[in-house]
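Trainee: only the shape, not the letters, is given here:
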């Protein structure tokens, strides 16, 4: 029982408003967005801030939904209990607010062979200025190319544009086949 209190205390100290671990489904996306919209209304946020947080949240959750890879139920000695079947989809998501700044953290497993491509893309986005991001967004939108998972790759560009922040990310190797990708997004009201 001490462990659950420690977990609660850490969440309280970090002002975690909502957290989730498991498979991200379309139904869950809808529920999370409804909950967060209600929480933002309750907190009486400025409409501009509320819109920015909500839009970035949508992009982060859609990124999880569309781009997390299936992993074996038992990965690197870790037995994952959520989901059914031999392979599962599992991710983590948290949103908190501290000192007038929102923080969205996501994490999901990806195939290690995809790390280099994703890292290159994130680094490319992080090098661009606000104006360059706008131009890059338009160029990607107009090229009409889709990724293997059906997206045009606009999500991360859009997150960087809307937050005005560099994308903070990490890849942690789990084994030869899988890595854990984490993304930490800060949203500061203007």
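Mentor: In hand now; what should we look at? What you are looking at is a predicted structure, and each value in this text was computed from that prediction instead of being measured.
Trainee: quick one: the strands in this protein?
Mentor: Ranges of strands in the chain, per DSSP state E, are 16-22, 71-72, 74-75, 78-79, 87-88, 91-98, 101-111, 168-173, 178-187.
Trainee: what is the neighbour count of residue 108?
Mentor: 22 (other Cβ atoms under 10 Å). Where C-beta positions appear, they are placed from N, C-alpha and C, glycine not excepted.
Trainee: residues near the spatially closest residue to residue 16 that is not a sequence neighbour, how many?
Mentor: Spatially, and ignoring its direct neighbours in sequence, residue 16 is nearest to residue 96 (4.4 Å; Cβ to Cβ, 6 or more residues apart in numbering). Residue 96 has 17 neighbouring residues, counting by other Cβ under 10 Å.
Trainee: same question, residue 135
Mentor: Neighbour number of residue 135 under other Cβ under 10 Å is 11.
Trainee: quick one: the residue nearest to residue 16 from residue 43, how far?
Mentor: 12 Å (Cβ to Cβ, to the nearest Å).
Trainee: the residue nearest to residue 16 and residue 103 touch, don't they?
Mentor: Yes - using Cβ atoms under 8 Å, residue 96 is in contact with residue 103, at 5.1 Å.
Trainee: give the contact list for residue 20.
Mentor: 28, 32, 92, 93, 94 (Cβ atoms under 8 Å, 6 or more residues apart in numbering).
Trainee: at 6 Å what do you get?
Mentor: Residue 20 sits next to residue 93 when contact means Cβ atoms under 6 Å, 6 or more residues apart in numbering.
Trainee: would you check how far apart it and residue 60 are?
Mentor: From residue 20 to residue 60 the distance is 12 Å (Cβ to Cβ).
Trainee: now swap in residue 24 and tell me
Mentor: As judged by Cβ to Cβ, residue 24 and residue 60 stand 10 Å apart.
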